[in-house]
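Trainee: The following block contains a protein sequence and its predicted model.
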Amino acid sequence: MTYFFAVHVTALSEPNLLLSRVLSPVLVNRRNKAQSAIRSFCYLSAVLLICSMFSHRLYAQQQNTCFVSHEQLDDTTLPLTLNQLTRLPVRQFINHLSVSCNVNEQSVLVINNNAIRHANLLIDHQEQQKIAANKLVFVLPQGQYSANLILDAERDFSLTLERKTLPEYALAGQQHNLLLGMFFGLCITLVFYLYVMGRSLKDKRFHFYCYYVLCAGIFFLLQEGNINLFFDANLTNNRGLNLLFAGLTVFTGTIFVITLLGLQRRWSRFTRYAVMYPAVVVLGISIVLCFLPRGEWFTLLATIMARTTMALLMCSFGLIAYASYVRVHTARLVLFASLIVCCAMAFRIFLGDQSPFLQRYGLIFSFAIESFLLAIATSERIKRINQEKILAQAQAMTDPLCEIFNRRGWEEAAEKILKTHNTQQGILCLLYIDLDCFKEINDTYGHKAGDEVLRIIAKIIRKQMRDQDAVGRLGGDEFVALAQFDDALQSESLKVRVTKRLKNINISTDSAQIRVTASVGCVVFSDNETSVSEMLQKADQAMYTSKRENQDTTLT
Ligand SMILES: Nc1nc2c(ncn2[C@@H]2O[C@H](COP(=O)(O)OP(=O)(O)OP(=O)(O)O)[C@@H](O)[C@H]2O)c(=O)[nH]1
């Protein structure tokens, strides 16, 4: 046909040129008109010639194509155009598709769906070998032939077929493996890094993160079929195994988010019934499906699992959104990370045809970004929680009035000093300070003034000691201070200094000038001591002796 078209155009253009030559001397006055007409004819001929060549190419392309049709379903003959997705409805169980090709080069047929249990391609009753790849891939030879594609489908669905040339298929395969290699590399790095951090910080949130990313990574590995390159495809294409890791991903992801944001403590009922229990149900079903043979029960349970997962995801999403609304720390980052994955899922379902690349890799990329953001959220949250813990511990060991150690805090600090003393030797100096007649101060000037006195006395004692010494208030008007020295002279000088400083002090409060005196008991320990409480007892006795001396002096 193309030939006929080309010859016709040439035949049309040549007589016109001839005619122009013959008539030109006779029709001189019409020369210009004729010339322009001839020129137009020439242009037209050239255009038609180009068109004929183009139509020849189009025709050749039509020749170089394959068609697929479903033998059991009418009106399903569809072209298998190179690099274009062809969707064909298939029924549950065995489907016979006929593929007719007239192609001038080898190509591959990629079957892009994992709901196929088995597939065979027969050309002239000879079974074609599958290519070891992450999908079902058959080589379509060069030439004109008809082939039978036999598919065993798990359920009714729309099958996606794609025909590619061998070089294109090889390039796409390498790109795919490189991208997924990068993805798995990122997952493994994050898992190892956070696991090590979790071990050193002894925090289970890091471990839950690792389980989640690990399960999701294995799930994607099975889904994408890269594992088929190393293991038997029948083993790794196992749908039960896929579903088991899907269930594990949902379960570990849910537990991770709940623990990270502390949702079970804030909204315990809703978290338990709407999120935690459904996650356990999903995990349970996935374990059952891993061992259940294919059939009606399998399909029913898989549907229940899918619906429960959907409901669970919606509830979790709502909970995270509410947590970020009430400003739970890092909830916004978790929400943003989840939103990215949700967008990728929506894109895959509704707009997948817009960009085959994003349809293919969007979910994987979004999960990579999500795991990175969640790693940041986890470390940020743990940093905040540790800071709060340190603050709470400090508060539990501090006397709120005097801002020095309380009894518990002082005993802990004293134990540490005692331990150092027992290993390094030296002198321990323990001061036991009790205010004289403090009850009278309270009674005379009021509790507020009494508080002020206690605060100032604590400041004075703290000032006389070094940073490494333990200063505390045991309760009421009793203070203690423990210091470690190299020799006895230093401890003696401390005792003298403190006793002198706490004798007849004039304290000005908001309401009055108060005269305060304290009795100081000092004990020095040079040998190894067994306990802080024994040391305290001795210091207490020394303080009483000092108090009695003070009282006697006052009386005389
Ligand atoms: N303002 C104030 N008073 C306190 C506080 N804790 C205890 N007290 C009072 O301190 C007083 C201590 O009384 P005592 O143990 O008899 O001591 P004292 O009056 O100094 O008698 P001596 O120790 O024998 O000299 C009691 O009246 C307590 O109510 C406090 O935090 N603030």
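Mentor: Yes, it's here.
Trainee: Show me the shaky parts of this structure.
Mentor: Filtered on pLDDT under 70, the chain yields the residue ranges 1-38, 41-42, 45-63, 75, 113-114, 228, 232-237, 352-353, 553-556.
Trainee: Get me the contact residues on it for the ligand.
Mentor: 401, 434-439, 442, 447, 450-451, 454, 476-477 (C-beta under 6 Å from any ligand atom). C-beta here means a position set from N, CA and C on the backbone, and glycine is covered the same way.
Trainee: Is there a quick ChimeraX command that grabs whichever of those residues are buried?
Mentor: Command for ChimeraX that selects the buried part of these, burial taken from 16 or more other C-beta atoms under 10 Å:
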select :434,435,436,438,442,450,454,477
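Trainee: Of the residues of the chain next to the ligand, which belong to strands?
Mentor: D434, L435 (DSSP state E).
Trainee: Let's have the residues of the chain next to the ligand in CSV, adding distance to I94.
Mentor: Listed next are the residues of the chain next to the ligand as CSV, based on distance: C-beta to C-beta, whole Å:
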residue, distance to I94
L401, 85
D434, 96
L435, 97
D436, 102
C437, 103
F438, 97
K439, 98
N442, 96
H447, 92
G450, 94
D451, 90
L454, 91
G476, 90
D477, 94
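Trainee: Looking at the residues of the chain next to the ligand, spot the one nearest I255.
Mentor: Of all the residues of the chain next to the ligand, I255 sits closest to L401, with 43.4 Å by C-beta to C-beta.
Trainee: check contacts around that closest one.
Mentor: Contacts for L401 were tallied using C-beta atoms under 8 Å, 6 or more residues apart in numbering; they are D451, L454, R455, R473.
Trainee: Ramachandran coordinates for it?
Mentor: phi -80, psi -50 (degrees, to the nearest 10).
Trainee: could you measure it against K538, distance?
Mentor: 27 Å (C-beta to C-beta, to the nearest Å).
Trainee: and what of G362?
Mentor: The value you get for G362 to K538, if C-beta to C-beta is used, is 74 Å.
Trainee: Give me the subset of the contacts of L401 that lies in helices.
Mentor: Per DSSP state H, helices hold the following members of the contacts of L401: D451, L454, R455.
Trainee: ok, for Q354, nearest residue in space, not its chain neighbours?
Mentor: In this structure, Q354 finds its nearest non-sequential neighbour in F347, 7.9 Å apart by C-beta to C-beta, 6 or more residues apart in numbering.
Trainee: Contacts only, for the closest residue in space to L201 that isn't next to it in sequence.
Mentor: Spatial nearest neighbour of L201, excluding adjacent residues (C-beta to C-beta, 6+ apart): I382 at 6.4 Å. Shown in contact with I382 (C-beta under 8 Å, 6+ apart): L201, D203, R205, F206.
Trainee: Can you tell me what sits against the strand or helix carrying the residue nearest to Q354?
Mentor: Taking DSSP states H and E as the criterion, F347 maps to helix 331-350. Contacts with helix 331-350, where a contact means C-beta under 8 Å, 6+ apart, come from 257, 260-261, 316-317, 320-321, 323-324, 354, 358-359, 362-363, 365-367, 369-370, 373-374, 376-377, 380.
Trainee: Compute the number of surrounding residues for R269.
Mentor: Counted with other C-beta atoms under 10 Å, the neighbours of R269 add up to 8.
Trainee: residues contacting E529?
Mentor: L418, H421, N422, L428, M535.
Trainee: From those, pick the one nearest the ligand.
Mentor: Ranked by distance to the ligand (C-beta to the nearest ligand atom), these are led by M535 at 20.4 Å.
Trainee: Surely that closest one is within a strand?
Mentor: No - under DSSP: H, G, I helix; E, B strand; the rest coil, M535 falls outside any strand and is assigned helix.
Trainee: my read: it touches V523, true?
Mentor: Yes - when contacts are counted by C-beta atoms under 8 Å, M535 is listed as touching V523 (6.8 Å).
Trainee: shared neighbours of those two, anything?
Mentor: With C-beta under 8 Å, 6+ apart, M535 and V523 have common neighbours L430.
Trainee: returning to that earlier point: so can I have JSON lines of the contacts of E529 showing distance to V516, neighbour count and secondary structure?
Mentor: As requested, the contacts of E529 are exported to JSON lines (distance: C-beta to C-beta, whole Å; neighbours: other C-beta atoms under 10 Å; DSSP: H, G, I helix; E, B strand; the rest coil):
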{"residue": "L418", "distance to V516": "30", "neighbour count": "22", "secondary structure": "helix"}
{"residue": "H421", "distance to V516": "32", "neighbour count": "20", "secondary structure": "helix"}
{"residue": "N422", "distance to V516": "36", "neighbour count": "14", "secondary structure": "helix"}
{"residue": "L428", "distance to V516": "27", "neighbour count": "23", "secondary structure": "strand"}
{"residue": "M535", "distance to V516": "26", "neighbour count": "20", "secondary structure": "helix"}
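Trainee: can you list those residues in TSV and add distance to D486?
Mentor: TSV is the format used below for the contacts of E529 (distance: C-beta to C-beta, whole Å):
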residue	distance to D486
L418	16
H421	11
N422	15
L428	11
M535	19
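Trainee: Which stretches in the stretch 351-500 of the chain count as strands?
Mentor: In the stretch 351-500 of the chain, the strands defined using DSSP state E, counting those that start in this stretch lie at 427-435, 470-475, 478-485.
Trainee: Now the most centrally placed residue in the chain. Nearest residue, chain neighbours left out?
Mentor: Relative to the mean C-alpha position of the chain, the nearest C-alpha, by C-alpha atoms, centre = their mean, is the one of S371, at 2.2 Å. Spatial nearest neighbour of S371, chain neighbours left out: V213 (5.0 Å); criterion: C-beta to C-beta, 6+ apart.
Trainee: where does the one you found land in three-state SS?
Mentor: helix.
Trainee: and it, how many neighbours does it have?
Mentor: Neighbours of V213 (other C-beta under 10 Å): 28.
Trainee: burial measure for the residue of the stretch 151-300 of the chain found nearest the ligand, as a count.
Mentor: Among all residues of the stretch 151-300 of the chain, R265 sits closest to the ligand, at 33.7 Å; criterion: C-beta to the nearest ligand atom. Close neighbours of R265, defined as other C-beta under 10 Å, add up to 10.
Trainee: Mind telling me what element it is part of?
Mentor: Residue-wise, R265 maps onto helix 263-266 under DSSP H and E.
Trainee: Residues in contact with that helix: which ones?
Mentor: V257, I258, T271, R272, V275, M276, L319, A323, V328.
Trainee: Helix or strand next in line after that helix, which one?
Mentor: Following helix 263-266 in sequence, per DSSP H and E, is helix 268-270.
Trainee: What about M465, how many residues nearby?
Mentor: So M465, with other C-beta under 10 Å, has 18 neighbours.
Trainee: Give me the distance between it and F479.
Mentor: 11 Å.
Trainee: quick one: common contacting residues for these two?
Mentor: Counting by C-beta under 8 Å, 6+ apart, the residues touching both M465 and F479 are V471.
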